[in-house]
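>>> give me the fold of what follows.
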Amino acid sequence: DDFRNAVTDEVLFSDMALVYGSLVVSLVCVLAYTRSLFLSVVGLLQVCFSFPLAFFCYSIVCRLDFFPFLNFLGLFVIMGIGVDDLFVVVDKWSQ
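As a prediction, this is how the structure comes out:
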């Protein structure tokens, strides 16, 4: 059981490095599109704050104890949808 936890933690940390890398790439893309550091950072913070809220709803509201490792792929999905929404809002605002 300790071995499985150690391997899971190692894989999780390497995947989190990929999440941080994609966050930086998303920040650069949003910054290039909006040309506003404030709007880019606030938009990505909005995306980052949505995952703890979703985890709160999952664990406290739904009272589910088991959190499968595969659910961490949701970080990439949430980030992609959130950045896309940011592009749509900025584009609509400029029109």
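>>> what's the neighbour count on residue 40?
The number of residues packed around residue 40, counting by other CB atoms under 10 Å, is 22. The C-beta positions use only the backbone N, C-alpha and C, and glycine is treated the same way.
>>> can you pull the pLDDT of it?
In this model, residue 40 is scored at 92, pLDDT.
>>> okay, residue 35: pLDDT?
What the model reports as pLDDT for residue 35 is 91.
>>> what about it, neighbour count?
Around residue 35 there are 10 residues (other CB under 10 Å).
>>> look up phi and psi at it.
Dihedral pair for residue 35: phi 60, psi 30, per degrees, to the nearest 10.
>>> next: residue 67.
Note on residue 67: backbone dihedrals following degrees, to the nearest 10 are phi -120, psi 100.
>>> that one: how many residues sit nearby?
Using other CB under 10 Å, residue 67 has 11 neighbouring residues.
>>> and it, what is it in contact with?
Residues counted as contacts of residue 67 (CB atoms under 8 Å, 6 or more residues apart in numbering) are 55, 58-59.
>>> swap in residue 39?
Counting by CB under 8 Å, 6+ apart, residue 39 has contacts 30, 90.
>>> look up how far residue 80 lies from residue 23.
11 Å (CB to CB, to the nearest Å).
>>> neighbours of the residue lying closest to residue 69 once chain neighbours are set aside, just the number please.
Spatially, and ignoring its direct neighbours in sequence, residue 69 is nearest to residue 8 (6.4 Å; CB to CB, 6 or more residues apart in numbering). Each residue near residue 8 was counted by other CB under 10 Å, and the total is 11.
>>> would you agree residue 30 is in contact with residue 40?
Yes. In terms of CB atoms under 8 Å, residue 30 counts as a neighbour of residue 40; the distance is 4.4 Å.
>>> just the C-alphas of the helix or strand harbouring residue 86, formatted as CSV.
For residue 86, the element it lies in under DSSP states H and E is helix 74-94. Extracted in CSV, the C-alpha atoms of helix 74-94 (Å, rounded to 0.1, in the frame of the first residue of the first chain):
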residue,chain,number,x,y,z
GLY,A,74,-10.3,17.6,-15.3
LEU,A,75,-7.7,20.2,-14.7
PHE,A,76,-6.8,20.3,-18.4
VAL,A,77,-10.5,20.3,-19.4
ILE,A,78,-11.4,23.1,-17.0
MET,A,79,-8.4,25.1,-18.1
GLY,A,80,-9.3,24.7,-21.8
ILE,A,81,-12.9,25.6,-21.4
GLY,A,82,-12.0,28.6,-19.1
VAL,A,83,-9.4,30.0,-21.5
ASP,A,84,-11.8,29.6,-24.4
ASP,A,85,-14.5,31.4,-22.4
LEU,A,86,-12.0,34.2,-21.8
PHE,A,87,-11.3,34.5,-25.5
VAL,A,88,-15.0,34.7,-26.2
VAL,A,89,-15.7,37.4,-23.6
VAL,A,90,-12.8,39.5,-24.7
ASP,A,91,-13.8,39.2,-28.4
LYS,A,92,-17.4,40.1,-27.6
TRP,A,93,-16.3,43.0,-25.4
SER,A,94,-14.2,44.5,-28.2
